[in-house]
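**Q** task: produce atomic coordinates for the following.
(one chain, ligands or ions: 1)
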Amino acid sequence: MRVGLLTGGGDVPGLNAAIRAVVKRGEGEYGHSIIGFRNGWRGVVDGDIFPLSRNHIRNVLPVGGTLLGTARFHPHSSDGGIDAVLSTLEAERIEALICIGGDGTLHAASKVAEAGVKIVAIPKTIDNDVWGTDRSIGFDTAVEIATEAIDRVHTTAESHNRVMIVEVMGRSAGWIAVTAGIAGGAELVLAPEEPFDIDKVVKFLKHRHRAHANFSIVVVAEGAIPAEGTSMSYEAPVGKFGEIVAGAIGERVKYEIEQRTGFDTRVTVLGHVQRGGSPVPADRILGSRFGVAAIDAISRGETNVMTALRGEDIALIPLSEIAGKVKHVPTGLLDVARALA
Ligand code: F6P
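**A** From the prediction side, this is the model:
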């Protein structure tokens, strides 16, 4: 069987583990040919193939990024995109496609599946907001990086008596902010799930600096927003491709804190550092498990599903169920962050 494979959207550490698992298991157990596509859906539309063999996956487990390349490109958003996908798959005699991606790539996958292509999806995003799975590839590495950054910022905050704002990724959900905030002992976490009241933030910091300490760490998700009707108006600036402008909310919160408290405040924007470098073991393991589950599913003829971590187990859930949904941080976890402030 000829099985296509692509990685789409933002890269994450752990993608190569999933690619490796698909190739090893696909070739070794089933004798499939794994045909990679370069740069996500772009490569499928352009017919840019990268036939994968065991040589390509040697020593890739500790390597970040994706050996297939990736792009933020969705075939259903361009004229004739889906038709181009179908004609490439036909020309290359691809019988089923494995798509590794986040919300955008998986939404495209469900559109392509509706057009008749057999698909198995694998969730990846450092944001961990793909609905239906407890974890997405890349999240654990990002949390480790963000936690280390918060630890490092702590000592300089204390030495200088400053408020340190650490802005982390998380467009629609605050998974990195909340978990790294708890792990790093942040005083406050601002996440998209709970629009914040800047007056309360300022009151909290003033009280803390009067009563307990002369420094504070505030972790802000890039997608955090002030609550409607509060005294801070803010509209997140977006870039050319709809991405949130890095540092925008962090700088804005800094401005408000400095204006209202007089506390010396600095912003650290972690940005793409959270997506770079070697994956932690948890992401290598998850990528490997998802890769094996995906090729096993295809080989059994089970398609139009996404691999998902449910507790300790890998499950397959219908692709049609996940489109358009965001997995938010549950209240219980937000409560823990608040309880430890
Ligand atoms: O999709 C995950 C993510 O890392 C978001 O957290 C972030 O907003 C976005 O990607 C950045 O995208 P890009 O790499 O295209 O700037």
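**Q** got the phi/psi numbers for Ala221?
**A** Here is the backbone geometry of Ala221 (degrees, to the nearest 10): phi -80, psi 140.
**Q** for it, give its distance to Ile137.
**A** Taking CB to CB, to the nearest Å as the measure, Ala221 falls 20 Å from Ile137. (C-beta placed from N, C-alpha, C; glycine too.)
**Q** looking at these two, which one has more neighbours?
**A** Under the criterion of other CB atoms under 10 Å, the comparison of Ala221 against Ile137 puts Ile137 first, with 36 against 30.
**Q** what residues of stretch 301-321 count as buried?
**A** 303-309, 314, 316-317, 319 (16 or more other CB atoms under 10 Å).
**Q** now, these that are in helices?
**A** Leu319 (DSSP state H).
**Q** mind giving me JSON lines with the buried residues of stretch 301-321 and columns for pLDDT?
**A** Shown next, in JSON lines, are the buried residues of stretch 301-321 (pLDDT from 0 to 100):
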{"residue": "Thr303", "pLDDT": "98"}
{"residue": "Asn304", "pLDDT": "97"}
{"residue": "Val305", "pLDDT": "98"}
{"residue": "Met306", "pLDDT": "98"}
{"residue": "Thr307", "pLDDT": "98"}
{"residue": "Ala308", "pLDDT": "98"}
{"residue": "Leu309", "pLDDT": "98"}
{"residue": "Ile314", "pLDDT": "98"}
{"residue": "Leu316", "pLDDT": "98"}
{"residue": "Ile317", "pLDDT": "97"}
{"residue": "Leu319", "pLDDT": "95"}
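**Q** among the buried residues of stretch 301-321, which are located in strands?
**A** 305-309, 314, 316-317 (DSSP state E).
**Q** closest one of those residues to the ligand?
**A** Comparing these against the ligand with CB to the nearest ligand atom places Met306 closest, at 16.5 Å.
**Q** tell me how many other residues surround whichever residue of the stretch 151-300 of the chain sits closest to the ligand.
**A** Closest residue of the stretch 151-300 of the chain to the ligand, CB to the nearest ligand atom: Met169 (3.3 Å). The number of residues packed near Met169 is 26, by other CB under 10 Å.
**Q** that one against Gln274, yeah?
**A** Yes: between Met169 and Gln274 there is a contact under CB atoms under 8 Å: 5.4 Å.
**Q** run through the residues that contact Arg58.
**A** Not one residue lies near Arg58 by CB atoms under 8 Å, 6 or more residues apart in numbering.
**Q** gap between it and the ligand?
**A** Arg58 sits 28 Å away from the ligand, going by CB to the nearest ligand atom, to the nearest Å.
**Q** now do that residue, the pLDDT please.
**A** Looking at Arg58, its pLDDT reads 96.
**Q** same deal with Arg42?
**A** 97.
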